[in-house]
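*Asks:* Need the 3D shape of this:
(one chain, ligands or ions: 1)
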Amino acid sequence: MYAETPRDAPAWRARWRERRASFHADDQSGVWRFRELLPVLRDARQAVTLREGNTPLYDLPHCGRDAGLERVWAKHQGLNPTGSFKDTGMTVAVSQAREAGRAWLACASTGNTSASMAAYAARAGMRSLVLVPAGQITWSKLAQALDFGASVCQLRTDFDGCMRVLHQVAARHSLYLVNSMNPFRLEGQKTAAAELLEQMNWQPPDHVVVPGGNLANASALGKGFLELQRWGFIARAPRISIIQAEGANPLVRSLREHQGRELTPVEAKTRATAIRIGNPASWQKAVRVLRETGGYCTDVSEAEIAAAKQAIGREGIGCEPASAAALAGARKLARTGAIAPGESVVLILTGHGLKDPDYASDMGLASLPPAMEASAEAVLRALERA
Ligand SMILES: Cc1ncc(COP(=O)(O)O)c(C=O)c1O
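*Replies:* Reported below is the predicted structural model:
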């Protein structure tokens, strides 16, 4: 499946770094420059890429101080081309689908997968079908899929219902499914582990904290770190911790009630729409990652997510509510002593702040300022009140 078995970590690290300066699109991609970690394409130069990956790692000094932690960073995967981490997996899945001669891509989505799939389908000259739960997807995300030319069906059900219908349609119409159980997506998403380690000079952080919905991202990151450990790039993998919303916490319940041996789907309710998933497809993989890396799994309230989003905003960084769950979770893990004050923590911010612009007003965090007289005096009065 892989191009060759990794052996020479220093040489590979140098190769990955040097590719960034190359003219070729696949070298400039923060996914394909790590192509030794990926399933091979017949022609690597045929990758369907929007130059995904290569996302920044920000320090969060204020968030860290508030949580009693000395070293907190955010890897902002929301700064990918369509505004979420999904692009890092989609580039690999769509490249494989095009090479296999497939015409139609399809997914069920809470919004970001559809935006990403639609963009890569357009880039590849392919058609795409999106099934979304009616009225539960932010307009920003739906607008992206429509912009990129996807056929969008809003179904009167939830995400899990959309998945069910998708499988029924796929049994009767030729579709290449790019939902997170697609193995190529996980392969692409795992390259974020290599990229993060490169940014940290190959010194792994103690903790990586990631929001969990369908649990593919946590599984992919775990795979990435554990492979790099096995292949001698790092001496140890970080603990990978998964954070769910209290109203959409099937993995937390599974671990609490069944030691992660079985999972009972829940009816998911959270304003963090991207993680409103009650029957996560990749829960068994996620349990393995928690066990193998020694990570934690916990849930956070709607108020904790909102407060965390506001705190990240005060660092000048926008993110989706679902992404803010990572900080809310890290705060909780610090409170309970699972994360020690001196340990280093990387939060994975999974989506862009503009994906859900109504969140702040819906949660009572901000409201539209009233229109006022166009005069310096009026503005000065407002300044005095600020
Ligand atoms: C912004 C955002 N954060 C987190 C998640 C959860 O990722 P996963 O479903 O892989 O657990 C998603 C998934 O849709 C997402 O779009």
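*Asks:* Going by C-alpha atoms from here, please, whenever you check contacts or count neighbours.
*Replies:* Fine.
*Asks:* how close does the residue of the stretch 251-386 of the chain found nearest the ligand get to Val178?
*Replies:* At 3.9 Å from the ligand, Gly351 is the closest residue in the stretch 251-386 of the chain, using Cα to the nearest ligand atom. Going from Gly351 to Val178 by Cα to Cα, to the nearest Å gives 18 Å.
*Asks:* what about those two, which has more around it?
*Replies:* Using other Cα atoms under 10 Å, the more surrounded residue of Gly351 and Val178 is Gly351, with 27 against 22.
*Asks:* Contact partners for that one?
*Replies:* His76, Gln77, Gly78, Leu79, Gly83, Ser84, Phe85, Cys319, Glu320, Ala322, Ser323 (Cα atoms under 8 Å, 6 or more residues apart in numbering).
*Asks:* Okay, strands next: where are they in the stretch 101-250 of the chain?
*Replies:* Remark: strands assigned in the stretch 101-250 of the chain by DSSP state E, counting those that start in this stretch are 104-108, 127-133, 151-155, 176-177, 207-211, 239-245.
*Asks:* Close to the ligand: what parts of this structure are there?
*Replies:* With Cα under 6 Å from any ligand atom as the criterion, the chain comes near the ligand at residues 84, 110, 112, 211-217, 274-275, 320, 322-323, 350-351.
*Asks:* Go through stretch 69-81 and flag the buried ones.
*Replies:* Neighbour-count burial for stretch 69-81, counted by 16 or more other Cα atoms under 10 Å, picks out 69-81.
*Asks:* For the residue of the stretch 251-386 of the chain closest to the ligand, give its distance to Gly278.
*Replies:* On the measure of Cα to Cα, Gly351 and Gly278 end up 20 Å apart.
*Asks:* Of the contacts of Gly351, which belong to helices?
*Replies:* Ala322, Ser323 (DSSP state H).
*Asks:* and the residue lying closest to Ser174 once chain neighbours are set aside, how many neighbours?
*Replies:* Of all residues not flanking Ser174 in the chain, Trp104 sits nearest, at 7.2 Å (Cα to Cα, 6 or more residues apart in numbering). Burial of Trp104 is recorded as 18 neighbouring residues (other Cα under 10 Å).
*Asks:* Which stretches in the stretch 101-250 of the chain count as helices?
*Replies:* 112-124, 139-147, 159-170, 183-199, 216-230, 250-258 (DSSP state H, counting those that start in this stretch).
*Asks:* Quick one: mean pLDDT over the last one.
*Replies:* Think helix 250-258. Taken as a whole, helix 250-258 carries a mean pLDDT of 98.
*Asks:* so what secondary structure elements neighbour that helix?
*Replies:* Judged by 3 or more Cα pairs under 8 Å, 6 or more residues apart in numbering; DSSP states H and E, the packing partners of helix 250-258 are strand 297-300.
*Asks:* Who does the strand it packs on pair with, and is each partner parallel or antiparallel?
*Replies:* Strand 297-300 sits in its sheet next to strand 239-245 (parallel), going by DSSP bridges.
*Asks:* The strand it pairs with vs helix 250-258, what angle?
*Replies:* 100 degrees (axes from the mean of the first three to the mean of the last three Cα atoms, to 10 degrees).
*Asks:* ok so, going back, ok, which pair from the contacts of Gly351 is furthest apart?
*Replies:* Spatial extent of the contacts of Gly351 (Cα to Cα) is set by the pair Leu79 and Ala322 at 14.8 Å.
*Asks:* Do you know the pLDDT at whichever residue of the stretch 51-200 of the chain sits closest to the ligand?
*Replies:* Going by Cα to the nearest ligand atom, the ligand is nearest to Asn112 of the stretch 51-200 of the chain, at 4.8 Å. Per-residue pLDDT puts Asn112 at 96.
*Asks:* For burial, what's the neighbour tally of it?
*Replies:* Should you count by other Cα under 10 Å, Asn112 turns out to have 26 residues around it.
*Asks:* Also Gly364?
*Replies:* Gly364: 9 neighbours (other Cα under 10 Å).
*Asks:* One more: the one 5 residues further on?
*Replies:* By the measure other Cα under 10 Å, the count of residues near Pro369 is 6.
*Asks:* mind giving me the domain split of the protein?
*Replies:* Listed by automatic domain parsing, the domain ranges of the chain are 9-83+186-362, 86-177.
*Asks:* start to end distance for the shortest one?
*Replies:* Across its full length, domain 86-177 reaches 14 Å end to end, with Cα to Cα as the criterion.
*Asks:* before we move on, back to that, give the contact list for the closest residue in space to the residue of the stretch 251-386 of the chain closest to the ligand that isn't next to it in sequence.
*Replies:* Of all residues not flanking Gly351 in the chain, Gly78 sits nearest, at 3.8 Å (Cα to Cα, 6+ apart). With contact taken as Cα under 8 Å, 6+ apart, Gly78 is in contact with Ser84, Phe85, Cys319, Leu349, Thr350, Gly351, His352, Gly353.
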